[in-house]
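1. Below are the sequence and a predicted model; questions follow.
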Protein chains: 6
Amino acid sequence: MRVVALGEPLVQLNATSPGPLRYVHMFETHVAGSELNFCVSVVTTGLQCSLLARVGEDEFGKAVIEYGRARGVDVSAVKVDPSPTGVYFIQRHFPVPDRSEVFYYRKDSAGSKLSPEDVDESLVKGARLVHSTGITLAISDSARQAVERAFQLAPRRSVDTNIRPKLWSPERAREALRRVLHGLEFLFVDPVDARIIVGEEDPDAAVRRFREEFSVETVVFKMGERGSRVYVDGKAVAGPSFKVRVEDPIGAGDALAGYFVGLVLQGRSVEEAIRYASAAATLVVTVRGDTEAVPDLKEASRFLNSQELP
Amino acid sequence: MRVVALGEPLVQLNATSPGPLRYVHMFETHVAGSELNFCVSVVTTGLQCSLLARVGEDEFGKAVIEYGRARGVDVSAVKVDPSPTGVYFIQRHFPVPDRSEVFYYRKDSAGSKLSPEDVDESLVKGARLVHSTGITLAISDSARQAVERAFQLAPRRSVDTNIRPKLWSPERAREALRRVLHGLEFLFVDPVDARIIVGEEDPDAAVRRFREEFSVETVVFKMGERGSRVYVDGKAVAGPSFKVRVEDPIGAGDALAGYFVGLVLQGRSVEEAIRYASAAATLVVTVRGDTEAVPDLKEASRFLNSQELP
Amino acid sequence: MRVVALGEPLVQLNATSPGPLRYVHMFETHVAGSELNFCVSVVTTGLQCSLLARVGEDEFGKAVIEYGRARGVDVSAVKVDPSPTGVYFIQRHFPVPDRSEVFYYRKDSAGSKLSPEDVDESLVKGARLVHSTGITLAISDSARQAVERAFQLAPRRSVDTNIRPKLWSPERAREALRRVLHGLEFLFVDPVDARIIVGEEDPDAAVRRFREEFSVETVVFKMGERGSRVYVDGKAVAGPSFKVRVEDPIGAGDALAGYFVGLVLQGRSVEEAIRYASAAATLVVTVRGDTEAVPDLKEASRFLNSQELP
Amino acid sequence: MRVVALGEPLVQLNATSPGPLRYVHMFETHVAGSELNFCVSVVTTGLQCSLLARVGEDEFGKAVIEYGRARGVDVSAVKVDPSPTGVYFIQRHFPVPDRSEVFYYRKDSAGSKLSPEDVDESLVKGARLVHSTGITLAISDSARQAVERAFQLAPRRSVDTNIRPKLWSPERAREALRRVLHGLEFLFVDPVDARIIVGEEDPDAAVRRFREEFSVETVVFKMGERGSRVYVDGKAVAGPSFKVRVEDPIGAGDALAGYFVGLVLQGRSVEEAIRYASAAATLVVTVRGDTEAVPDLKEASRFLNSQELP
Amino acid sequence: MRVVALGEPLVQLNATSPGPLRYVHMFETHVAGSELNFCVSVVTTGLQCSLLARVGEDEFGKAVIEYGRARGVDVSAVKVDPSPTGVYFIQRHFPVPDRSEVFYYRKDSAGSKLSPEDVDESLVKGARLVHSTGITLAISDSARQAVERAFQLAPRRSVDTNIRPKLWSPERAREALRRVLHGLEFLFVDPVDARIIVGEEDPDAAVRRFREEFSVETVVFKMGERGSRVYVDGKAVAGPSFKVRVEDPIGAGDALAGYFVGLVLQGRSVEEAIRYASAAATLVVTVRGDTEAVPDLKEASRFLNSQELP
Amino acid sequence: MRVVALGEPLVQLNATSPGPLRYVHMFETHVAGSELNFCVSVVTTGLQCSLLARVGEDEFGKAVIEYGRARGVDVSAVKVDPSPTGVYFIQRHFPVPDRSEVFYYRKDSAGSKLSPEDVDESLVKGARLVHSTGITLAISDSARQAVERAFQLAPRRSVDTNIRPKLWSPERAREALRRVLHGLEFLFVDPVDARIIVGEEDPDAAVRRFREEFSVETVVFKMGERGSRVYVDGKAVAGPSFKVRVEDPIGAGDALAGYFVGLVLQGRSVEEAIRYASAAATLVVTVRGDTEAVPDLKEASRFLNSQELP
């Protein structure tokens, strides 16, 4: 069973120390990007995942390809583009402890050149599910069109709203996301994005709207430190939250989505899937890098067992 | 509007790992010193601040000058002295987690050669306020005389008691500080120092003594994790404390004082000033270095907003 | 007064960042090994401690010797063996935050070649106490025989059960440990090991068994975050636990044992000894390395005072 | 006496280890940019230097401002632009040892938004000399127009050709540079650029062309490891080259230009100026960062003395 | 066209600073092993390369798999073994500058468990060439038998003698190597190994023996800083040596062999192949890690061009 | 056989990157001090060496004691003083590549409090040789008197002139050194110091003066990159110099002196002693830290063998 994701992989320059970036002397590299992160989690649960993307013809493009390959993500359809591979910088714990702030250098990047012509028709048609996020919709018209094209061809679809205020306005986000929500098998959203898209930030109210307006099947509503709630088949399953020391929260949502999708598609119950997915998301925030601490199933179990002790 | 501060700037060698210094293999440099730290915060709030000080004719002296200049502190009156620039080492989280211990190499340093002749009369007379601390009173007779001279000339005065047991005895501290407290516009003090100076460590009792004996106008009483209390105009305003992960607590008091003075002098209410000043002091403890994490007003707001969420 | 310990000293390669080892690019070296760690704590409390061990004829063997010597441990009886000095890697905070996992490279190491012929008869006979752990019993037959030989000669004996599932099976552990428990002056054990050895994990029940079956005098029952309990002379003294940020928990038990034994042998009360020993064990977990943060008595006092503030 | 330079300051991410960038895990930040580098050297020789530039309203923009200020460069005319501050990455010693390769992220950067309206008329008219480079001509039309505008207003002018193949074609470089060469007081050029601009790479031949076609006064012809040659007043003065271990050659040319201009404008002989400028350029290549190792005059003397020993 | 190599991949712990290992505090990880290194170079020249090997069921085993995969080596036939993945430590520049010394922890490692049953018959029969080294012959009987089995099945064969005195005696090396030399297509050897195997260290004399006794086709004789000589078709082609700053010489021979084999099998002339292979080997010594600086063909060209300048 | 040395041990803060100290962000600690360094080399050759010194009652004092002990130096006579342990900073490769510059913080340090009362009479009388340097004569009157006292008691004496311009004037150096030269068994000196002391920098001329005026027995004349010359028994033996990459030259002279004295006292020929001592001095400059790369005799042999290859 194969999942396909569309989106821009980037090189992340993560501050090795907390505080304002102008006093950070050392940056550490990681490969990231929401959809690549998603793929790594899907693969870790045991499914195949192909990334549709472009990278630059440069060292950072090679870094992306090699890292994806290392993690078992199928990058054979990733194209090389003459533009540079996008990068971004992460400022950690400032001005709000336990949160991170990003500084993007991805305008006109290779990744933003993703276009409908990159959508391999047989790959997408043969996939169990095609996934993308609000980030891909935001980075360029051609990337947005690529998502729309892939969603037309795909048997089933999944979206993580991931609205990034640094990339577009709420209005543009609302319009673009509403065009891809119809009939989704999975929707990942949080209160802020829900308010932008359907005008509601209360989980129950927002989910009702996603159901009524877009016939979304499963909604995973993410509420940060208060855990999550999965709405499916008329019930709402609570996802746990765990208290850990935060090194960098970025990447948690992608791990949650990828792990959850991966497990549900393999027949695990929603209750089990959201528990494991929450474990994966939690471990991701304990390190720098978005995917290095994605646990395998055995490791996720060990984490969950350790949390259930009194 | 210009503030002037007198005191010794130093190069700080901060342990890159916690525990006893003899097992620390790497030290990271920062520029620090209570009054320079104070100036950085004052400048960050929007006022000008001039430092009266001496530095050595060496690389560390240049480091001090360059850092002060970078942060917008007026260092044009800082003199170069043939003695070496003082340095100190910081041991962190040992033997008491979340606290730091300092090892000074500042005896006979350039900074300790500060003397009354360094007190630029027109600069001091034209300042809105002149600030110093117990550290400057402790490091040498000439430095103490410089403070006394500046306080004679200054229109208004501010003191942070900052008694450092490694620099002098309680008796000497008591005597020297009592000579400069009279008529202060701002006094920053904590229970331990209050007991040394006026024999009381209870805030209300101590402040009564500072009022009666020295006619101090505003007293900011700092109580560590229990926040602070500002006594002014017959009222006591509580300053908040925030729970964050401590990397190095040194510099928090200087940020509190500089930020508070800066905002009050610009007409902010005491309530608002102590809230912002507490935010600044809190962020400072999340990093190594005394001033790198002093937030600007917008960042301080973001921090405060994040803390007021349920 | 001299204590003797038998066991394998190793070089520890500690991950400089948390998460799965395959993404850790830098490892930091420390010298460790349960019995060497024990000796460092014993020496820090003021007694002499000799290590009976073998190290390789290589740089890491020299590292062990030099570190032991630096810390004041008597390593004059440590032999040099043609096999390599054992090493191990530590993965931290993954998959369970605040816990560590070890990867050993100690099979057929120099340390495992410890044998009865290395047991210096006069040294052992003249010692106040001979100490070893389940690790030494596990690493090789000859090392186990060395412990048995030393225990025959020793006036008094101490054991920390320290069963490491990566080194042997519960069955082998149970059998080997039961052979050395008889008449111990000190036994250090935790619920998991107690269940393996005497089939009980409840402190009171387990201790009753250790008393009845093996006539053990003092049992220190370690319960992790719930502190410890010392059973001696018909009473049970509670040992405190302190809440600190964990960097690497490895080494805490060794510090507890060494500090406790050191203080009790010097006449301190059990109540005081377990309080200081708990302080030492707590500080050890705040750093990487097993012994670098063992406090001296004055530092332990300062830690304890800081914890007793409201 | 004041010099003015126009150009884009950037944040440099320098590889902490040699080899292909995709295997470099840590990058170290420096502030750089050809014209800012030039200014630092000018200031170090004792003149004032103002930078006309734009930086982003972000942490890296603040880093540029603070570093410029620290080094004594006048950055009061630097404007803040909503675009991001440009950054670039340096790969060192690969595939050619002792050479570096850059990867730019400066397209549509704040610095590239430099425009004629940023050219402070009184500052430029009052300057002793206005300097820029081929890089500023290449980054955008508005930046090129800013240089042309400044050159119209300036009493005297200086250019370092600095043709970067990653920024533009030889044809565009040739055309743009030929528009600013007329009547220059100083021209810095190397064989490759000379061939592009005047079709000659031989120093004598090229200089003849620069003289005849553009009436350039002083030409500094840079020949890498073979030193340099200064053509002025009908003579050619040889500049030395020194053999040192190369860490990163980037920035050497800027130091040579800034140091040479600074000294000549202060009345030093061409012979002395090129010797000191070569010393500065040489020391710059021994470290990472373009300006950190620019020596002051005393340090340059010490370097020169050390080289003249047998 | 596919090449197959048999041998043990390891995790390399490389000293981050020169000098005796016992004073090195930080070690940096790389994935290495002579045959894996060989494969990376073969792949970089454009051929496919499969590794036959075993790794442990541990983080370091995963590191090996992920790195191999990242570099495009086919690791699908690598088996997972319950023993630990081998590791080794590198001491650099001591006691001989520019040379390295290794400390192995590979006895009974997963890699040493390679056995004839791991030799995938169809893979080996279908390969263009099967390669191994003296290291694989040395690490265990089963590994040696695996090589012998693969060589029986393989259409053509290649050997790098790579005699490591830390792994076996000259006698054992001589005997084992002589059993696999017959009819080799490629033999890589140096004077020391040649003396052990055929009793001659002079290139011409040794090659005559390899020809006469073993009918080896192409012999690449490596002479360190004096370059190499390729004996084939009755002629001897000189391979260049280049002068660069050495960071760690380990891995150079593997790059030479892999690059040379890769290019020759693709039809490049011996002259060109040895020139490019020497470039690859040279760049490898400028960094830590055995394969990170293997250049692609374009990069190797740029290196060669830079060296041919006067 | 025991050697005794008198002098101040210090903690060295060595710049982790070359260039001006004000741009160095990380400093690495080492334990150093000329006489301690000397002792480490003496011990490494196989003799015992006791250090007479004072250290502070602080972490750096403990660092000195532990490092000395680790290296086998007898530190049992080192006293603890209430003053702080001296420290110094090293700037490397700037402004002169391959040379280092020191910035001392040792005024009124614990080490400078060394006094005649610290001279253990029986230890000194029983020693084979007592060694000190111009540094100890320079740091304080009491330290100088301690040397003079020890030299009165000592059977044989050795001096390394080591005149540090940052510590005293040539006049004071000349006077103090001339008081201790009489009848020395070993004198280590270089051209600059020789000119200060006897007015000659030519080796032959200077040695004649040392012989005639002071009856010195063996003079080791150190000439940097030109090697050394040993004058003894009417002959002059040339000491080799080796070309290596310099990381930090500090400590080379101490290694030369300690190694030479150690070997000569054990009966090695002057020719062999100076060759081995030169090897030790050479290896020391390839690393940071003064003593970490002192080779043992076997390592020194390997170095020497590697240098004698064509």
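-> Yes, it's here. Residues are numbered from 1 along each chain as shown, chains lettered A, B, ... in the order given.
2. Run a quick neighbour tally on residue A:286.
-> Residues lying near residue A:286 (other C-beta atoms under 10 Å in any protein chain shown) number 21. Bear in mind the C-beta positions are built from the backbone N, C-alpha and C, glycine included.
3. residues from chain A in reach of chain D?
-> A:13, A:16, A:20-22, A:24-29, A:58-60, A:62-63, A:66, A:84, A:87, A:91, A:103-105, A:107-108 (C-beta under 8 Å from any C-beta of the partner chain).
4. and those, which are buried?
-> A:13, A:20-22, A:24, A:26-29, A:58-60, A:62-63, A:66, A:84, A:87, A:91, A:103-105, A:107 (16 or more other C-beta atoms under 10 Å in any protein chain shown).
5. Tell me which residue is most central in chain A.
-> Nearest to the mean C-alpha position of chain A, counting by C-alpha atoms, centre = their mean, stands residue A:254 at 3.2 Å.
6. Could you tell me which residues of the stretch 1-150 of chain A lie near chain B?
-> Near chain B, when you scan the stretch 1-150 of chain A using C-beta under 8 Å from any C-beta, you find A:17, A:18, A:19, A:20, A:23, A:93, A:94, A:95, A:96, A:97, A:99.
7. end-to-end on stretch A:176-193?
-> Using C-alpha to C-alpha, to the nearest Å, one end of stretch A:176-193 lies 13 Å from the other.
8. is that stretch up against chain B anywhere?
-> No: Stretch A:176-193 does not reach chain B (C-beta under 8 Å from any C-beta); its nearest approach is 11.9 Å.
9. buried sites along that stretch?
-> Buried, per 16+ other C-beta under 10 Å, within stretch A:176-193: A:176-177, A:180-181, A:184-191, A:193.
10. on that earlier part again, what's the closest of the residues of the stretch 1-150 of chain A next to chain B to residue F:169?
-> residue A:23 (41.9 Å; C-beta to C-beta).
11. for the closest one, phi and psi?
-> Phi and psi for residue A:23, reported as degrees, to the nearest 10, are phi -110, psi 10.
12. Which pLDDT value goes with the nearest residue to it once chain neighbours are set aside?
-> Nearest residue to residue A:23 in three dimensions, chain neighbours excluded: residue B:292, at 4.2 Å (C-beta to C-beta, 6 or more residues apart in numbering or on different chains). Turning to residue B:292, the model gives it a pLDDT of 98.
13. Likewise for residue A:224?
-> For residue A:224, the model assigns a pLDDT of 89.
14. near chain F, which residues of chain A show up?
-> Proximity of chain A to chain F, by C-beta under 8 Å from any C-beta, involves residues residue A:25.
15. And the helices in chain A?
-> Here chain A has its helices, by DSSP state H, at A:34-45, A:59-70, A:121-125, A:134-139, A:141-153, A:170-178, A:191-198, A:203-214, A:252-265, A:270-284, A:297-308.
16. Could you save those helices as JSON lines and add columns showing mean pLDDT and distance to residue B:269?
-> Formatted as JSON lines, those follow (pLDDT from 0 to 100; distance: least, C-beta to C-beta, whole Å):
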{"stretch": "helix A:34-45", "mean pLDDT": "98", "distance to residue B:269": "43"}
{"stretch": "helix A:59-70", "mean pLDDT": "98", "distance to residue B:269": "50"}
{"stretch": "helix A:121-125", "mean pLDDT": "97", "distance to residue B:269": "60"}
{"stretch": "helix A:134-139", "mean pLDDT": "98", "distance to residue B:269": "41"}
{"stretch": "helix A:141-153", "mean pLDDT": "98", "distance to residue B:269": "48"}
{"stretch": "helix A:170-178", "mean pLDDT": "98", "distance to residue B:269": "34"}
{"stretch": "helix A:191-198", "mean pLDDT": "98", "distance to residue B:269": "31"}
{"stretch": "helix A:203-214", "mean pLDDT": "97", "distance to residue B:269": "39"}
{"stretch": "helix A:252-265", "mean pLDDT": "98", "distance to residue B:269": "39"}
{"stretch": "helix A:270-284", "mean pLDDT": "98", "distance to residue B:269": "41"}
{"stretch": "helix A:297-308", "mean pLDDT": "95", "distance to residue B:269": "45"}
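17. Can you check which of these gets nearest to chain C?
-> helix A:297-308 (3.7 Å; C-beta to the nearest C-beta).
18. Quick check, residue A:216 in contact with residue A:189.
-> No: contact criterion C-beta atoms under 8 Å: residue A:216 and residue A:189 do not qualify, at 9.3 Å.
19. which neighbours do the two share?
-> Both residue A:216 and residue A:189 are contacted by residue A:210, under the criterion C-beta atoms under 8 Å, 6 or more residues apart in numbering or on different chains.
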